[in-house]
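Colleague: turn this into a structure:
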Amino acid sequence: MIKNLFIPKLGMTMEKGRIAQWTANDGDQVQAEQVVLILETEKVAHEIAAPISGILAILGKAGDEYPCGTVVGVVAETAQEYEAVKKNPAAYAASTEAGASSDEAEALEHRDLPVEIPIQVEIGARERIRISPLARKLAQMQELDISVLTGSGPEGRIVKRDIEQAVEAREQKKATSEPAPVSRAVSAPVSAEVCAGKRVRAVIPLTGMRKRIADNLHKSTSTTSRVSAMVEFDMTELVNLRSHYVSKAPILGFKITYTDLFIYMAAKALKAVPIINSSLVGDEIKLWEDINIGFAVSVMKGADESGLLVPVIRNADRMTLGQISRARKDLMDKARAGTISLDELTGGTFTITNTGTFTSLWHIQTPIINLPEAAILGTSSIVERPVVINGEIAIRPIMPMSFAFDHRVMDGAPPAQFMGLLQQMIEDPWMILM
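Modeller: All right, here's what the predicted structure looks like:
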C-alpha cells in the first residue's frame, strides 16, 4: 500500500504552500502519526504526519512552493513500492495529483486540524495512550510526558484540560521545591564569528514565521501610500465602564479588555464609514459588506525570537461585547498554543494592534497596514497626563492612538470621520450599548 503526502487546503483562501522542512530523510522508515513534513503558508506553519508506517519517499523540495493538492511525497509499506516510486517520481506525482479532491485527500486535509478527535499514541509494545490532537500539541509544547498522565475524557482519553492541570501542578511543585535564585552575574556566551568588525552573539535564521512577517511588511510599505494620523483620547469614562465590567467578571464568566471595547467600537465606526472597510484589488476599490476585525497577537518563539499572528473576528458588527470578548480570548489562546487554523487568520477587513500591553510608558506607534486591508488602528498605553478641561489643568488617563491608512484608497476626510466617531464613543461609552 502507498499513501500520498500532499499540500492540503487548510483554508478557503489558501492556494499554495511552501515546504519548510522534511523532518525525516528520503528512504527513512517512519511510523504512523510521525511528523515528517513542516508546511508553511502565508499565515501559519502546519505539521503533516505519516498516515501509515512505512518508507518515506520525498518528491517535493524543501523551500519550494506547490499548489494545494500537489503530491510532494509518499509513504510506501514495502521496499518494492518505494523503489517503484523512486524510479519515476515526476510521473508518479503527476499521475496522483488529480486525486487531491478524493475522499482520501479530504481525510488527510482535516486529520491534523486542532479539534478534539481521539488518536492513539503507542508506547512500546505494551499499551496505547488515547489523546486528542490538541492535547498532544500542547503536551509537546510544554514538554510533558503523556505516559504518566491520566485522561479525564471519554474512555480515559487525555484532553486539553488534563494538559493544563499537569502544567499547573508542575509549576506549583517547582515553586515550592526550588530554592530562591541567587543573584549573580552571568556572562553571555560569545560566538567565535566576527561580522563587519563586531562579534556575533547569536544567529537567528530569517525563516518560518519571521520571514513571512518580514515579506508581508516589506510588501505593505513598498506598495501602499501610507499616511499615519496620531491623536490622544481622554479615557476617563471608558476606564470607568471597563472597571464596572471587570467587577462583574465572576457573574459574566469573562473579563472585558480594552481590546474587546475597541473591536466593538471600531465595528460600529466601520459601518458608519464604509470606505475604511475596503481593499484595493487591482484597479478597483472593493467596499466589504462583512466587517471582519483582526487583532495582533505576539507569539514568543524563544528568548530572542518572537512572531506575530492576526486572528480575525468575523462579522464583529453583528456581535455583542460579550461575544467579541469570548471570541477574542479563544482565538488568542489558539494563536499562542499553535493550534489556530488558517481560516481563523484570514478574511480580515480591518486590524487593531495594541502595544499598550508591553509597556506602561506613553508612546505613539506607526502601525503598518495589514494587506490587503486599507487601514489599521494602533492603540497604546493609558497614562495619566495633564490636560486642559474647561480652561483649567487637570490630570486625566490619556491614551495616544494611531490610525494608518492607504492614501490611494481614501483621502483625509474618512479617517478624520472614523476617529471622530471613536472619540464620541470613548468619551460617552455608555451610548455604544444602545
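
Colleague: would you map the strands across the stretch 151-300 of the chain?
Modeller: Taking DSSP state E, counting those that start in this stretch as the criterion, the stretch 151-300 of the chain carries its strands at 194-195, 198-199, 226-234, 278-281, 284-287, 293-295, 297-302.

Colleague: deepest of those, which one?
Modeller: Per-residue neighbour counts averaged over each of those give the maximum for strand 293-295, namely a mean of 27 (mean count of other CB atoms under 10 Å). C-betas here are computed from N, CA, C, even on glycine.

Colleague: name the helices or strands packed onto that strand?
Modeller: Judged by 3 or more CB pairs under 8 Å, 6 or more residues apart in numbering; DSSP states H and E, strand 293-295 is in contact with helix 258-272, strand 312-313, helix 321-337, strand 350-354.

Colleague: any idea of the mean pLDDT in the helix or strand where residue 135 lies?
Modeller: Under the assignment given by DSSP states H and E, the secondary-structure element containing residue 135 is helix 133-142. Along helix 133-142, the predicted local confidence has a mean pLDDT of 70.

Colleague: just stretch 218-229 next, same as before
Modeller: Per-residue confidence for stretch 218-229 averages out to 90 on the pLDDT scale.

Colleague: returning to what we had before: quick one: which of the helices and strands packed on strand 293-295 is nearest residue 226?
Modeller: Using CB to CB as the criterion, the shortest distance between residue 226 and the helices and strands packed on strand 293-295 is 13.4 Å, found for strand 350-354.

Colleague: now the helices and strands packed on strand 293-295 in a markdown table, with mean neighbour count, mean pLDDT and distance to residue 71?
Modeller: Converted to a markdown table, the helices and strands packed on strand 293-295 look like this (neighbours: other CB atoms under 10 Å; pLDDT from 0 to 100; distance: least, CB to CB, whole Å):
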| stretch | mean neighbour count | mean pLDDT | distance to residue 71 |
| --- | --- | --- | --- |
| helix 258-272 | 21 | 96 | 41 |
| strand 312-313 | 22 | 96 | 31 |
| helix 321-337 | 18 | 92 | 29 |
| strand 350-354 | 23 | 95 | 36 |
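
Colleague: residue 240 is nearest to which of these?
Modeller: The closest approach between residue 240 and any of those, judged by CB to CB, belongs to helix 258-272 at 11.9 Å.

Colleague: pLDDT wise, what is the closest residue to residue 331 other than its chain neighbours at?
Modeller: The spatially closest residue to residue 331, leaving aside those adjacent along the chain, is residue 311, at 3.6 Å (CB to CB, 6 or more residues apart in numbering). You'll see residue 311 listed with a pLDDT of 94.

Colleague: torsion angles phi and psi at residue 31?
Modeller: Summarising the backbone geometry of residue 31 under the convention degrees, to the nearest 10, its torsions are phi -100, psi 150.

Colleague: shouldn't it be in contact with residue 53?
Modeller: Yes. The criterion here is CB atoms under 8 Å, and residue 31 meets it with residue 53 at 5.0 Å.

Colleague: any idea how the chain splits into domains?
Modeller: Structural domains assigned to the chain are 2-113, 118-168, 225-433, following automatic domain parsing.

Colleague: list the contacts for residue 233?
Modeller: Contacts of residue 233 were listed using CB atoms under 8 Å, 6 or more residues apart in numbering, and they are 398-399, 401, 422-423, 426-427.

Colleague: nearest to residue 347, of the strands of the stretch 151-300 of the chain?
Modeller: Comparing these under CB to CB, the one sitting nearest is strand 293-295, at 8.8 Å.

Colleague: which strands border the closest one, and is each parallel or antiparallel?
Modeller: Its sheet considered, strand 293-295 pairs with strand 312-313 (antiparallel), strand 350-354 (parallel) by DSSP bridges.

Colleague: got a list of what residue 321 touches?
Modeller: If a contact means CB under 8 Å, 6+ apart, then residue 321 has 256, 260-261, 264, 433 as its contacts.

Colleague: so which residues of the stretch 301-434 of the chain form strands?
Modeller: The residue ranges that make up the strands of the stretch 301-434 of the chain, judged by DSSP E, counting those that start in this stretch, are 305-309, 312-313, 350-354, 375-379, 383-389, 392-406.

Colleague: closest one to residue 337 among the strands paired with strand 293-295?
Modeller: When the strands paired with strand 293-295 are ranked by distance to residue 337, counting by CB to CB, first place goes to strand 312-313 at 17.1 Å.

Colleague: format the strands of the stretch 151-300 of the chain as CSV; extra columns: distance to residue 361.
Modeller: Listed next are the strands of the stretch 151-300 of the chain as CSV, based on distance: least, CB to CB, whole Å:
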stretch, distance to residue 361
strand 194-195, 32
strand 198-199, 29
strand 226-234, 14
strand 278-281, 34
strand 284-287, 38
strand 293-295, 21
strand 297-302, 17
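
Colleague: worst average pLDDT in the ones you listed?
Modeller: For these, mean pLDDT drops lowest on strand 297-302, to a mean of 73.

Colleague: gap between the two ends of stretch 293-310?
Modeller: End-to-end distance of stretch 293-310 (CA to CA, to the nearest Å): 9 Å.

Colleague: over to stretch 59-75?
Modeller: End-to-end distance for stretch 59-75, by CA to CA: 11 Å.

Colleague: list the contacts of it.
Modeller: 2-9, 14-22, 30, 36-37, 50-58, 85, 89-90, 92-93, 96-97, 99-101, 105.

Colleague: before we move on, what about stretch 235-250?
Modeller: Around stretch 235-250, the neighbours that count as contacts under CB under 8 Å, 6+ apart are 252, 255-258, 261, 382, 396-399, 426-430.

Colleague: if we use 6 Å, what do you get?
Modeller: Contacts made with stretch 235-250 from outside it, assessed by CB atoms under 6 Å, 6 or more residues apart in numbering, are listed as 255-256, 382, 396-397, 399, 426-427, 429.
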